[in-house]
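A.B. asks: Prediction below, plus the sequence it came from.
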Amino acid sequence: QVHLVESGGGLVQPGGSLKLSCKASGAIFSIDTMGWYRQGPGKQRELVADIGNGGSSTYADSAKGRFTIIRDNAKNTVSLQMNNLKPEDTAVYYCNIRRVREVGREGVYDYWGQGTQVTVSP
């Protein structure tokens, strides 16, 4: 089994910055994609950014130019540096890892973190 532990959420004023971090632990052999999703009040969960094991990244239009996703394959961690935060960034942010291969287990699996609240408010 694989576990994800997220940290770094909180309350920040508009224009401020936060860094979210997520560490995957367990009998991990490889992880194809690591990323961050968010779900705002009354909204569906949406992709914020993700990054492949080769380093190629994808960003939502709302995140481009403000957020940066960073991955450390050796540590199985993924971080999201968020700058110039806006009230509309308020959401629960979820770490997600996809197509995970585990030691001693066939197949590939996807996992979600428990979520961390980000609130952007004056």
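C.D. replies: Nice, thanks for sending it over.
A.B. asks: And the residue most central in space within the chain, how far from residue 70?
C.D. replies: When Cα atoms, centre = their mean is applied to the chain, the residue found nearest the centroid is residue 36 (2.5 Å). Separation of residue 36 from residue 70 (Cβ to Cβ, to the nearest Å): 11 Å. Where you see a C-beta, it was placed from the backbone N, CA and C, and this is true even at glycine.
A.B. asks: Next: residue 10.
C.D. replies: To residue 70, residue 10 is 19 Å away according to Cβ to Cβ.
A.B. asks: between those two, who's got more neighbours?
C.D. replies: Taking neighbours as other Cβ atoms under 10 Å, residue 10 and residue 70 compare with residue 70 leading, 16 against 12.
A.B. asks: need the contact list for that one.
C.D. replies: By Cβ atoms under 8 Å, 6 or more residues apart in numbering, the residues touching residue 70 are 51, 78, 79, 80, 81.
A.B. asks: so can I have TSV of those residues showing secondary structure, neighbour count and pLDDT?
C.D. replies: Converted to TSV, those look like this (DSSP: H, G, I helix; E, B strand; the rest coil; neighbours: other Cβ atoms under 10 Å; pLDDT from 0 to 100):
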residue	secondary structure	neighbour count	pLDDT
51	strand	20	98
78	strand	29	98
79	strand	20	98
80	strand	25	98
81	strand	15	98
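A.B. asks: between the residues you listed, which is closest to residue 116?
C.D. replies: Nearest to residue 116 out of the contacts of residue 70 is residue 80 (Cβ to Cβ; 10.2 Å).
A.B. asks: show me the contacts for the closest one.
C.D. replies: So residue 80 contacts 19, 20, 36, 48, 49, 67, 68, 69, 70, 93 (Cβ under 8 Å, 6+ apart).
A.B. asks: hang on, isn't residue 92 packed against residue 119?
C.D. replies: No. Residue 92 lies out of contact with residue 119 (Cβ atoms under 8 Å); the separation is 9.8 Å.
A.B. asks: that older thread, selection in PyMOL covering whichever of the contacts of residue 80 are buried, please.
C.D. replies: The PyMOL command for the buried members of the contacts of residue 80 (criterion: 16 or more other Cβ atoms under 10 Å) is given here:
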select buried, resi 20+36+48+49+67+68+69+70+93
